[in-house]
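Asker: task: produce atomic coordinates for the following.
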Amino acid sequence: MPIKIGLSGVSVVAKEGRDAFLSYVDEAEAQGWDSIWFSDRIVGPTLRIDPIVGMSMISGRTNKLKFGTGVLLMSVRSPVTMARELATLDNLSNGRLVVGVGVGQEALAEYEAMGVRKQDRGRRLDEAIQVMRELWAKDTVTYESEFLKLDNASIGIHPFQQNLPIWIGSRSEAGLRRTGRLGDGWLPTQLTPAEFRVGVSKINLYANEAGRTIPQDHFGLQISCYISKTGHVPDLIKEKFLLKRRTDVPLEDLNLLGTSSQVMDRLKQYIEAGATKFVFNPACGFDEIHDQMALLSEYIVNPFHQKLI
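Answerer: Take a look at the predicted model:
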């Protein structure tokens, strides 16, 4: 089964301005990366590119590069607005969009900023997935709930892809159940290979209970990477650029770190666990990101994309 590898790290280059961002995009396409991915925050202390605006720039700049959201905070966004923007983007890019959605952050700030109750986030996400799919598939939609009312509503455009895929980013039990029940794919982060294997098994079970099937090539992972020619990963990299959402597992077990051979061996463990799509986040600052992109492309990405492995 083909392995596809995309690239994250947009915020690192965006801090340096427009030219740095476009150079990063051009380099990714030239090096053979499958896609570029955007995270989503409404409010927060760090610079982040709005995913819709960023993907629109990529759509107009490139010819083959795909783009995706890892993940959109759909529990605080309007499903109608997002359905229209995402359909437009997919339509004008000839079907290069992958939509990843999530239930939202734990902090209250974004819910308060958007006038949404945190306790409603699960139901809002479920509804958003349902409503977006209907708006994409039908010319008009009538729908009413506690959160939304549509009366013969039309967004006026359909995606280029007949069934625009919605991947769900979550590692909680509720998220696994939601992926099996509603998702087209799975895109978590911060999992060991063994945990990923269990997640795939549970999602397939939940999908079967719902009378659905998740394609085998729709199981992905977002993961931080750093290639060192000596195998030594500086403490600064570990402290500053690796996610620390978990304290129960060593950082080395949740990331791809070390020599190119070590990174490849670790990646193969995830593939054996059922992963076929990856979003690599270079664990470094702007001063190293182009070097890391080149190393990852040469030793990891292209061997898979050129089917040398």
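
Asker: can you pull out the helices in the stretch 151-300 of the chain?
Answerer: 173-182, 193-209, 235-241, 260-272, 286-296 (DSSP state H, counting those that start in this stretch).

Asker: mean pLDDT lowest where, among the ones you listed?
Answerer: Sorting the helices of the stretch 151-300 of the chain by mean pLDDT places helix 235-241 lowest, at a mean of 94.

Asker: buried residues in it?
Answerer: Of the residues in helix 235-241, Ile237, Lys238, Phe241 count as buried by neighbour count, 16 or more other CB atoms under 10 Å. To be clear about C-beta, it is placed using only N, CA and C from the backbone, and glycine gets the same treatment.

Asker: what of stretch 147-166?
Answerer: Burial within stretch 147-166, assessed by neighbour count using 16+ other CB under 10 Å, is assigned to Leu150, Ala153, Ile155, Ile157, His158, Pro159, Phe160, Gln161, Leu164, Pro165, Ile166.

Asker: re earlier: let me know the closest of the buried residues of helix 235-241 to Glu298.
Answerer: Within the buried residues of helix 235-241, distances to Glu298 taken as CB to CB reach their minimum at Ile237, with 19.5 Å.

Asker: measure the closest one to Val279 for me?
Answerer: The spacing between Ile237 and Val279, counted by CB to CB, to the nearest Å, is 19 Å.

Asker: cool, and Leu242?
Answerer: As for Leu242, its distance to Val279 is 15 Å (criterion: CB to CB).

Asker: ok, Gly183 - contacts?
Answerer: When the contact criterion is CB atoms under 8 Å, 6 or more residues apart in numbering, the partners of Gly183 are Ile129, Ile166, Trp167, Ile168, Ile203, Ile214.

Asker: now the closest residue to Thr276 other than its chain neighbours: phi and psi?
Answerer: Taking CB to CB, 6 or more residues apart in numbering as the measure, Thr276 lies nearest to Asp217, with 4.6 Å between them; neighbours along the chain are not counted. The phi and psi torsions at Asp217 (degrees, to the nearest 10) take the values phi -90, psi 20.

Asker: can you tell me the element Pro2 falls in?
Answerer: Secondary structure assignment for Pro2, by DSSP states H and E: no helix or strand.

Asker: sorry, back to before: and the contacts of Gly183 as CSV, adding distance to Lys66?
Answerer: Supplementary listing: those in CSV, determined by distance: CB to CB, whole Å:
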residue, distance to Lys66
Ile129, 21
Ile166, 15
Trp167, 12
Ile168, 18
Ile203, 23
Ile214, 19
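
Asker: in strands only, show me these.
Answerer: Those of these mapping onto strands are Ile166, Trp167, Ile168, per DSSP state E.

Asker: quick check: the last one touching Arg177?
Answerer: If I follow you right, that is Ile168. No - here Ile168 lies out of contact with Arg177, judged by CB atoms under 8 Å, at a distance of 10.2 Å.

Asker: so between those two, which is more surrounded?
Answerer: With neighbours defined as other CB atoms under 10 Å, Ile168 and Arg177 compare such that Ile168 has more, 27 against 18.

Asker: re earlier: now the buried residues of stretch 147-166 as a markdown table including distance to Asn208 and pLDDT?
Answerer: Output for these, formatted as a markdown table (distance: CB to CB, whole Å; pLDDT from 0 to 100):
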| residue | distance to Asn208 | pLDDT |
| --- | --- | --- |
| Leu150 | 31 | 98 |
| Ala153 | 33 | 98 |
| Ile155 | 32 | 99 |
| Ile157 | 34 | 98 |
| His158 | 30 | 98 |
| Pro159 | 27 | 99 |
| Phe160 | 30 | 99 |
| Gln161 | 25 | 98 |
| Leu164 | 24 | 97 |
| Pro165 | 19 | 96 |
| Ile166 | 19 | 99 |
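
Asker: out of those residues, who's nearest Thr140?
Answerer: The shortest distance between Thr140 and any of these, using CB to CB, involves Ala153 and amounts to 6.4 Å.

Asker: contacts only, for that closest one.
Answerer: With contacts taken as CB under 8 Å, 6+ apart, Ala153 has the following neighbours: Val80, Leu135, Thr140, Val141, Thr142, Tyr143.

Asker: what is it paired to in the beta sheet?
Answerer: On DSSP bridges, the residues paired with Ala153 through beta bridges are Val141.

Asker: low-confidence ranges in the stretch 1-150 of the chain?
Answerer: Judged against pLDDT under 70, the stretch 1-150 of the chain has no low-scoring part.
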